[in-house]
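K.L.:
Provide a 3D model corresponding to the input given below.
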Amino acid sequence: MSAIVEPLSEEEGGLKVFDVSLVPAEPPAELFYSHKPDIWHSARDLFRRSEVIFTLAERDIRAQYKQAVLGVAWALLTPLVSLALLYLLSKNVKAFNIGGQVPGLLTPYVGLVTWGLFGGALSGGSNSLVANKALMAKSHFPRECFPLSQILVSAFSSLMATVPLIIMFAANGFAPKPASVWGPVYLLVEIPFMVGLVLLVSSVMVQMRDLQQILPIMMPLLMLLTVLKPLNTEKGHMLHAAFVHGPLREIYCFLNPMAAIIDNMRSSVLLGFGPQLDTLVPGVIGAVTYLVVGFVVFKRLEVNFADLS
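P.N.:
Reported below is the predicted structural model:
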């Protein structure tokens, strides 16, 4: 029988023997889902250790471009390739013909840059816990730092992707409208949505590895529907009319805040309109809901991460 001997206090005297065979190999399964963390304490601890997020992001940005022949130029080429694919679809698939009064490819590219921040964060953050399991086993900072660092990595790539956008504005002789000042407001809606969804998906992926195969399939499809089909386009088939012009519009923006964010970003930057509250308000409510649900689920499932393999 294996045993551990532990000395008692001076008052008690002697030794106390523990039977190691009585210690379970892992916590009971029911504890995985009945775990109730202190959410406010966890949020404060994460805020105090925020410098770790920046450190991890810097590490990943350097590693991402260090060995690449083109280096940071990949951050410029990737959105341009996506733009070419969007252009071919918009020209050859009637359902995705966005048209509009804005010249050139500005309409799809503004949507693509806005989507790229979200898409890159979700693609990188969803697998961050699994990819960093060795480091996570040796560290003691909040586990949220791993997926959240990918938002900064995606922000760097999105910032680089704005360089072609500036060139496209100049080439078309088209300047952003003064209402573009609303852009940071739309990003403030996108951030909680990204944080919540990245935390949610990354924590669930620890137990459901099938998501590693499903997510790369779903993301391009969702991008096509969100970027190539603006909410303010003319009525099309019945399903599109129901979502875009019917009573399901608010529900759609709640479930997919990126649709509201991209639509408002385009309207302000390219057309000069202010926030469209009929779509933005449901998007804000949805983004906050994703943030709360994502953080709570992440902290509840956090006890699973110790057994990550």
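K.L.:
From the chain's centre, how far out is the strand or helix carrying Tyr65? Work that out for me.
P.N.:
Here Tyr65 sits within helix 50-66, counting by DSSP states H and E. In terms of C-alpha atoms, centre = their mean, to the nearest Å, the centre of helix 50-66 is found 16 Å from the chain centre.
K.L.:
What average pLDDT does stretch 203-218 get?
P.N.:
Mean per-residue pLDDT for stretch 203-218: 83.
K.L.:
burial count for Lys138?
P.N.:
The tally of other residues near Lys138 (other C-beta atoms under 10 Å) stands at 6. Every residue, glycine included, has its C-beta placed from N, CA and C.
K.L.:
Quickly note the distance from it to Ile61.
P.N.:
22 Å (C-beta to C-beta, to the nearest Å).
K.L.:
circling back to that earlier point, give me the buried positions along the helix holding Tyr65.
P.N.:
52-53, 56-57, 60-61, 64-65 (16 or more other C-beta atoms under 10 Å).
K.L.:
residues in contact with Leu46?
P.N.:
Residues near Leu46 by C-beta atoms under 8 Å, 6 or more residues apart in numbering: 142, 144-145.
K.L.:
helix/strand/coil for the closest residue to Gln276 other than its chain neighbours?
P.N.:
Once flanking residues are discounted, Gln276 sits nearest to Asn264: 5.5 Å by C-beta to C-beta, 6 or more residues apart in numbering. Asn264 falls in the helix class when you classify it by DSSP: H, G, I helix; E, B strand; the rest coil.
K.L.:
quick one: contacts for Asn264?
P.N.:
Counting by C-beta under 8 Å, 6+ apart, Asn264 has contacts 182, 186, 275-276, 279-280, 283.
K.L.:
Now flag whichever of those is closest to Phe193.
P.N.:
Nearest to Phe193, judged by C-beta to C-beta, of the contacts of Asn264 is Gly283 at 8.0 Å.
K.L.:
Run the chain-centre distance for the strand or helix carrying that closest one.
P.N.:
In the assignment (DSSP H and E), Gly283 maps to helix 277-301. Put simply, helix 277-301 sits 12 Å off its chain's centre (C-alpha atoms, centre = their mean).
K.L.:
Identify the residues contacting it?
P.N.:
32-33, 35-37, 39, 42-43, 143-144, 186, 189-190, 192-193, 195-200, 202-204, 206-207, 231, 249-251, 253-257, 259-261, 263-264.
K.L.:
mind listing which of those residues are in helices?
P.N.:
Using DSSP state H, the members of the contacts of helix 277-301 that fall in helices are 32-33, 39, 42-43, 186, 189-190, 192-193, 195-200, 202-204, 249-251, 253-255, 257, 259-261, 263-264.
K.L.:
Just the buried ones among the residues you listed, please.
P.N.:
When the ones in helices among the contacts of helix 277-301 are checked for burial by 16+ other C-beta under 10 Å, the buried set is 32, 42, 186, 189-190, 192-193, 195-200, 202-204, 249-250, 253-254, 257, 259-261, 263-264.
K.L.:
returning to that earlier point: avg pLDDT for the helix holding Tyr65?
P.N.:
83.
K.L.:
for stretch 276-286, same thing?
P.N.:
92.
K.L.:
Please identify the buried residues of it?
P.N.:
Within stretch 276-286, the residues that count as buried by 16+ other C-beta under 10 Å are 276, 279-284, 286.
K.L.:
Can you pick out the most distant pair from those residues?
P.N.:
Gln276 and Gly286 (15.0 Å).
K.L.:
wouldn't Pro79 be in contact with Leu112 here?
P.N.:
Yes. Using C-beta atoms under 8 Å, Pro79 is in contact with Leu112, at 5.8 Å.
K.L.:
Now list whatever residues contact both of the two.
P.N.:
Ala161.
K.L.:
Could you check how far Ile285 is from Gln213?
P.N.:
In this view, Ile285 and Gln213 are 31 Å apart by C-beta to C-beta.
K.L.:
ok, now Ala63?
P.N.:
As defined by C-beta to C-beta, Ala63 lies at a distance of 24 Å from Gln213.
K.L.:
And Ala179, by the same measure?
P.N.:
Distance from Ala179 to Gln213, by C-beta to C-beta: 41 Å.
K.L.:
okay, the two: which has more neighbours?
P.N.:
More neighbours surround Ala179 than the other of Ala179 and Gln213, with 17 against 8 (other C-beta under 10 Å).
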